[in-house]
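1. Below is the sequence, then the predicted model.
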Amino acid sequence: MSEALVNVDFPSPAGVSEPDPWQVYGQTLQSRLLLGTARYPSPAVMADAVKASGADVLTLSLRRQSPEQLGGGSIWDHIKGLGCRLLPNTAGCHSAKEAVTLARMSREIFETDWLKLEVTGDDYNLQPDPYELIDAARQLVKLSFKVFAYTTDDLVVCTRLRDLGCEVVMPWGAPIGTGKGLTDPYALETLRARLPDVSLVVDAGLGLPSHAARVLEMGFDGVLLNTAVARADDPVRMAAAFGKAVAAGRLAFKAGAMAESETAHPSTPVVGTPFWQTTNE
Amino acid sequence: MHVFVNGDRIRIDTDLLAEIVEALGFGDRKVVVAVNETFVAKTEWRSYQVRSEDRLDILSAMQGG
């Protein structure tokens, strides 16, 4: 892979593109892009994509395997070698009991108390089950897990998750793997306005870097995605594009956008406009 | 006796979880275990006794989103 692809940065005046770290459960992260490790053409492509994205948090999972499959050793070696912080998920769980059991298994094997909590309520669009999710979150916080709760954009559910002690709440942009982007920007804007003190990360449904940029422009703390990178024609380039989009969106948020206007205003000064004549009739 | 391992019903010659994991070839693998959907920490494997028809899930790291 081209080194230039990995290290390309915005040309910028001093101080404009300064590092913008953020705190997550007491840990400092440099990137606001969290990346999944599934669905890549190969482990090598996955590793290159991670490097190109600049992400320092990776999601992964636990699954049944036979001894002949090396007990997950191959992919585990690839992911460990990247030096990123791990965020195990509970994908596939349909109840609080399943999620809590899988969380405890994850904590033992991955040696982290960070957990992306997923509890599916509907298999058609993989929509989270709010009741089981809240039950699981309550149990896991008591077990000292650092919960990243994947949920819909429902304001009340997100509020309950925050109240239970989830420092990171992750509403979806659209159902997992759809690439549709932000299907309900109003709901997300409302979440940001109503929950200013919790880390909000849009997780799932993003398809383009522009989707991610918009999330950051709205003041969200980060994005988590997988398929948009892994299923791109060139995952490594797309990972780099998402990394830049996230940085650009964050920079734009900090810069503060102009106010919208319903009428046109010329950007070029009107004073001294050539060929202009006063008409006296 | 028989137990279920990752969904398959198999015959085992011991009831100690640590010995079952070893006999199945997972001994030197990085795996975690649940019995009947309840997590069993590795520190308990040597004393944990499996019962007939128990359901074991033996899991390892996998890509995830």
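-> Sure thing, it's come through. Just so it is clear, the model here is predicted, and its values are computed rather than measured. Residues are numbered from 1 along each chain as shown, chains lettered A, B, ... in the order given.
2. isn't A:Phe253 right up against A:Met218?
-> Yes: look at A:Phe253 against A:Met218 with Cβ atoms under 8 Å: they come within range, at 7.4 Å. C-beta: built from backbone N, CA, C; applies to glycine.
3. So those two - more neighbours on which side?
-> More crowded of A:Phe253 and A:Met218, by other Cβ atoms under 10 Å in any protein chain shown: A:Met218, with 20 against 16.
4. separation between the more buried one and B:Phe26?
-> Between A:Met218 and B:Phe26 the distance, using Cβ to Cβ, to the nearest Å, works out to 46 Å.
5. now swap in A:Met105 and tell me
-> In this structure, A:Met105 and B:Phe26 are 14 Å apart, going by Cβ to Cβ.
6. Compare those two (neighbour count), which wins?
-> Set side by side, A:Met105 and B:Phe26 show more neighbours around A:Met105, with 24 against 19, by other Cβ under 10 Å.
7. Now do the contacts for that one.
-> In this structure, A:Met105 makes contact with A:62, B:32-34, B:39, B:59, judged by Cβ atoms under 8 Å, 6 or more residues apart in numbering or on different chains.
8. next one: A:Leu206
-> Contact analysis of A:Leu206 by Cβ under 8 Å, 6+ apart lists A:173-174, A:179, A:181, A:212, A:215, A:223, A:225, A:228.
9. Leaving out chain neighbours, which residue sits closest to B:Glu37?
-> Closest residue in space to B:Glu37, ignoring its immediate chain neighbours: A:Thr101 at 5.5 Å, by Cβ to Cβ, 6 or more residues apart in numbering or on different chains.
10. State whether the one you found is indeed within a strand.
-> No: note on A:Thr101: no strand contains this position according to DSSP: H, G, I helix; E, B strand; the rest coil, which reports helix.
11. Quick one: residues contacting it.
-> The contact partners of A:Thr101, by Cβ under 8 Å, 6+ apart, come to B:34, B:37-39.
12. what do you get if the cut-off is 6 Å, keeping everything else the same?
-> Contacts for A:Thr101 were tallied using Cβ atoms under 6 Å, 6 or more residues apart in numbering or on different chains; they are B:34, B:37, B:39.
13. roughly how far apart are it and A:Cys93?
-> Between A:Thr101 and A:Cys93 the distance is 8 Å, computed by Cβ to Cβ.
14. Check A:Ser210 too.
-> Noted for A:Ser210: a distance of 32 Å to A:Cys93, by Cβ to Cβ.
15. between the two, which one's more packed in?
-> For A:Ser210 versus A:Cys93, neighbours defined as other Cβ under 10 Å are more numerous around A:Cys93 (22 against 14).
16. Now the more buried one: closest residue in space that isn't a chain neighbour?
-> Distances taken as Cβ to Cβ, 6+ apart place A:Ala99 nearest to A:Cys93, at 4.2 Å, with adjacent residues excluded.
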